[in-house]
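Trainee: Give me the fold of what follows.
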Amino acid sequence: MARAKKRVARKPAPRKTARKPVAKKAAVPAGAEHELLVRRIARALDIPIAEAMLRALRELAERVAPEKPSRPEPAHVQAEKLHSTPGALPERLYLLLDGRGLDGRGMPVEAIDVPTVVGSERHCTVWVNSPQIETRHLQFARDDGEWYVEDLGSTHGTFLGDQRITRRRVENGDEYRLAGYLRLRTELR
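Mentor: The predicted structure follows:
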């Protein structure tokens, strides 16, 4: 018997097709392109052309070269500047809340951030979770080397004894009442 030859099917070779030339946009002079872009932005935002150009430049500047916020001086540098005797250590302020330390372990907490804001807002330096304490109730700050306490216009007030205070120089052992019930004691060391 005769054997039949198997035919192997070959794939046809890929045909080379001529590429169509890509149509190039007509070169637009830089000034004209600038004007077209600004007009397009102004139309989209429905604002004058000058305002559109200013906004576009601001946005581009913020993306390409954002301004770095200036860093505030550290608290120890500020305290050194405020203290009257150069080189001497400044008097430090510690706070105790209702006879307990603000850290929850009974230790007084040092007021490092100047000003030190006490309130019910979570971003305050000293956060107090109470509905009667304002979001920004009072603050401790330094002025001419002395510590001062200032009520920030709270509804329920800040008291020293029975006297409502607005601003007062802090003395060692002062016990302030916030909203008439919460005791905040100060220690100067």
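Trainee: So Asp98 versus Ser130, what's the distance?
Mentor: Separation of Asp98 from Ser130 (CB to CB, to the nearest Å) stands at 11 Å. In this view, the C-beta of every residue, glycine as well, is placed from N, C-alpha and C.
Trainee: Which one's more surrounded, the two?
Mentor: Neighbours per residue (other CB atoms under 10 Å) separate Asp98 from Ser130, with Ser130 holding more: 15 against 12.
Trainee: and the more buried one, that's in a helix?
Mentor: No: remark: Ser130 does not belong to a helix; assigned using DSSP: H, G, I helix; E, B strand; the rest coil, it is coil.
Trainee: Would you mind giving me the confidence score for Gly119?
Mentor: You'll see Gly119 listed with a pLDDT of 90.
Trainee: and it, how many residues sit next to it?
Mentor: 22.
Trainee: related to what we said a few turns ago, between Asp98 and Ser130, which contacts overlap?
Mentor: Both Asp98 and Ser130 are contacted by Leu182, under the criterion CB atoms under 8 Å, 6 or more residues apart in numbering.
Trainee: what about Asp113, distance to Glu171?
Mentor: Shown here: Asp113 relative to Glu171, a distance of 21 Å by CB to CB.
Trainee: So for the two, which residue has more residues nearby?
Mentor: In terms of neighbours (other CB under 10 Å), Asp113 is the more surrounded of Asp113 and Glu171; the figures are 16 against 12.
Trainee: Does the more buried one touch Thr125 like I think?
Mentor: Yes: the pair Asp113 / Thr125 is scored as a contact, 4.8 Å apart, by CB atoms under 8 Å.
Trainee: From Leu95, how far out is Pro108?
Mentor: The spacing between Pro108 and Leu95, counted by CB to CB, is 6 Å.
Trainee: Revised request: answer the last question for Asn129.
Mentor: For Asn129, the distance to Leu95 (CB to CB) stands at 16 Å.
Trainee: Compare those two (neighbour count), which wins?
Mentor: Leu95 (20 against 7).
Trainee: what is the more buried one paired to in the beta sheet?
Mentor: Under DSSP bridges, the beta-bridge partners of Leu95 are Val109, Thr186.
Trainee: can you tell me which residues contact it?
Mentor: When the contact criterion is CB under 8 Å, 6+ apart, the partners of Leu95 are 102, 108-111, 116, 118, 126, 140, 184-187.
Trainee: I'd like to know which of those residues are buried.
Mentor: Among the contacts of Leu95, those classed as buried by 16 or more other CB atoms under 10 Å are Leu102, Pro108, Val109, Ala111, Thr116, Val118, Val126, Phe140, Leu184, Arg185, Thr186.
Trainee: ok, so of those, who is nearest Glu146?
Mentor: Phe140 (11.0 Å; CB to CB).
Trainee: Find the nearest non-adjacent residue to that closest one, please.
Mentor: For Phe140, ignoring the flanking residues on the chain, the nearest one in space by CB to CB, 6 or more residues apart in numbering is Thr116 at 4.4 Å.
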